[in-house]
Each structure stands twice: as C-alpha cells, then as structure tokens.
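Trainee: Provided below for reference: sequence and predicted model.
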Amino acid sequence: MKKDSVLNLKKNLLRTLARRGFQRPNQLEGLASPNIEERLAVGYSHLGKGSYRLELRVQRGSGAAYRLAEEFKKKARQEANIEEIR
C-alpha cells in the first residue's frame, strides 16, 4: 500500500475510534481505554520501496477492539497486521 493510502486509512480508523468512544480524543494513538477489550493502538510500518502496511495492536484476540481491527484489515485489503500484545 502507498504511504498516502495507509495514512488516510489510519486517520479514518482513528476517527472511527473517537466516534465510537473507544479512546479519548487527546490520546487517539495510545491505549487509552480502561476496558482491556477496547484497547487498540494504530500505526503503520514501512515495508520497503514505497510499500507500507497498517499496524494494529490489541490486548485481546476477542472483543470490540479486535472486531474493529478485523474490519479495518478488510478495508486495507489485507494489507494490515494485527498483533495481540500483553
């Protein structure tokens, strides 16, 4: 995915998170929710030669954040990486 595309997708996801009340607006890129199943961190990685990938981090492999991450992975045409962190 091109850098502009991944940045637009990231921005769209952060807006969606704010609208749905997952995270506080002043901490959109951090793990701000007190509910562990709603914690979702959003970023991107550079894969080389103009190719980027959306990076999504959740603390549970289930719950609202994971479902939203899966939804955005589909929007990214599978050019997203979801990792469960603890």
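Mentor: Okay, I see it.
Trainee: Regarding this structure, what is its longest helix?
Mentor: helix 3-19 (DSSP state H).
Trainee: what's the distance between Arg86 and Lys74?
Mentor: Look at Arg86 and Lys74: by CB to CB, to the nearest Å, they are 25 Å apart. Any C-beta I mention is one placed from the backbone N, CA and C, and that applies to glycine too.
Trainee: Correction: the previous question concerned Ser62.
Mentor: Using CB to CB, Ser62 is found at 17 Å from Lys74.
Trainee: If we ignore the residues flanking it in sequence, what's nearest Arg20?
Mentor: Leu68 (7.7 Å; CB to CB, 6 or more residues apart in numbering).
Trainee: wouldn't that neighbour be in contact with Gly21 here?
Mentor: No - counting by CB atoms under 8 Å, Leu68 stays clear of Gly21, with 11.8 Å between them.
Trainee: And these two? Which one has more around it.
Mentor: Taking neighbours as other CB atoms under 10 Å, Leu68 and Gly21 compare with Leu68 leading, 19 against 9.
Trainee: What are the buried residues along the host helix or strand of the more buried one?
Mentor: Here Leu68, judged by DSSP states H and E, is contained in helix 64-75. Buried residues in helix 64-75, counted by 16 or more other CB atoms under 10 Å: Ala64, Ala65, Tyr66, Leu68, Ala69, Phe72, Lys73.
Trainee: Which other helices and strands does the longest helix of the chain contact?
Mentor: When contacts are defined as 3 or more CB pairs under 8 Å, 6 or more residues apart in numbering; DSSP states H and E, helix 3-19 packs onto strand 40-48, strand 51-58, helix 64-75.
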